[in-house]
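> Please work out how this folds:
(one chain, ligands or ions: 1)
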Amino acid sequence: MLIWLALACKEPPDPVDSADSADTAPEVLRGALSFALPLAEPEAFDQVVGVDHDPEVHEGIEELLCTDYAGRGFPWCYDEHDGSDYLLEGSWDRMDAGSVAVLAAASGEVVDLDDGNYDRCHGDLGTGGVSCDGHPRRANYVIIEHAGGVRSRYWHLKTDSVAVTIGQQVACGEVLGLVGSSGNSSQPHLHFEVEGADGVVIDPYAGPWSQPETWWAEQNDPEALPGTTCVD
Ligand SMILES: [Zn+2]
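This next block holds a predicted model:
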C-alpha cells in the first residue's frame, strides 16, 4: 500500500543498540543472499517509501508516524509499512507509455503470482483510501523463494504483464512484470517486500534503526537507490 497524504512526523525512537541486542537478537541470514535493485530503469524512480521500524501502531492521521532504517519519518515511510515502495516518476503517463520492468532481486523459484487484476487503482480523496473504480482491490504480483526460504514479493504490477510462471526458476535480473497500480495502491509504484523463512519481515536496508548488515549487494547512501548489479 502507499499513503499519499502529507504531514510532518514525530521524532524517531532510539536506534537499535547493536551491542546490547547482539546476544538476544535472532541471527540475521545475511550472507546467503545479496539483492540487486529489482527495477530495470532506476532513473525512472524518484522516491522510496520504506519499511517502518517504529513498533507503535497508530490510527487516523497518525498513521503517517513512522521511522525508516535511517531514522527518517514520513514521507520516507508510513506506519506499519512492511516493504519498500519505489514511486514511478511521471506516474500514469509513464505507466501508459510502457512503464518499467520489475526484475528478480536475486535468483530463486517463483512460488506464487496473480495477474489480470485492474491496474489503475488510485488515491480517493473522498475516503482518504484507495479506489479501484469498482473493480476488486486485488494486486498483480510475483513471489520468489530464495536460498534459505527467504521470500521476495513484488506487488501492484500492471495488468497482464506477469512474465513468469509458478515453479519457474529465475535468475537475478530476470523480468517478472511491469510497474503498475493494481491492488492497494494509490499511484504506479513497485512494493518490494522481503520475508525471512520464519515469516518475519526483513528490511533489506541496513541502518541504525534496521539490522547492521545490508541485504543489498550495493546499498548506497540514503538519498540514492541500491545498485542494479547481480552477484549471485
Ligand atoms: Zn508498499
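> mind checking pLDDT for the nearest residue to Ala197 once chain neighbours are set aside?
The shortest distance from Ala197 to any non-neighbouring residue, by Cβ to Cβ, 6 or more residues apart in numbering, is to Gly149 (3.0 Å). C-beta here means a position set from N, CA and C on the backbone, and glycine is covered the same way. With respect to pLDDT, Gly149 has a value of 94.
> Glu195 is in contact with Gly149, correct?
No - using Cβ atoms under 8 Å, Gly149 is not in contact with Glu195, being 9.1 Å away.
> When those two are compared, which one has more neighbours?
Taking other Cβ atoms under 10 Å, Gly149 and Glu195 do not tie; Glu195 has more neighbours (18 against 13).
> coming back round to it: where's the residue nearest to Ala197 relative to Gly207, distance?
Using Cβ to Cβ, to the nearest Å, Gly149 is found at 24 Å from Gly207.
> tell me the mean pLDDT for the lengthiest helix in the chain?
Assignment by DSSP state H gives helix 91-96 as the longest helix of the chain. Helix 91-96 shows a mean pLDDT of 97.
> Name the residues of it that come out as buried.
For helix 91-96, burial by neighbour count (16 or more other Cβ atoms under 10 Å) applies to 94-95.
> Which residues are in contact with Gly177?
Applying Cβ atoms under 8 Å, 6 or more residues apart in numbering, we find Gly177 in contact with 101-102, 115, 140, 142, 154, 157-158, 161-164.
> Same question for Asp96.
If a contact means Cβ under 8 Å, 6+ apart, then Asp96 has no contacts.
> sorry, back to before: on contacts alone, who are the packing partners of the next helix-or-strand element following the longest helix of the chain?
Once helix 91-96 ends, the next helix or strand along the chain (criterion: DSSP states H and E) is strand 101-103. Contacts defined by 3 or more Cβ pairs under 8 Å, 6 or more residues apart in numbering; DSSP states H and E place strand 101-103 against strand 175-178.
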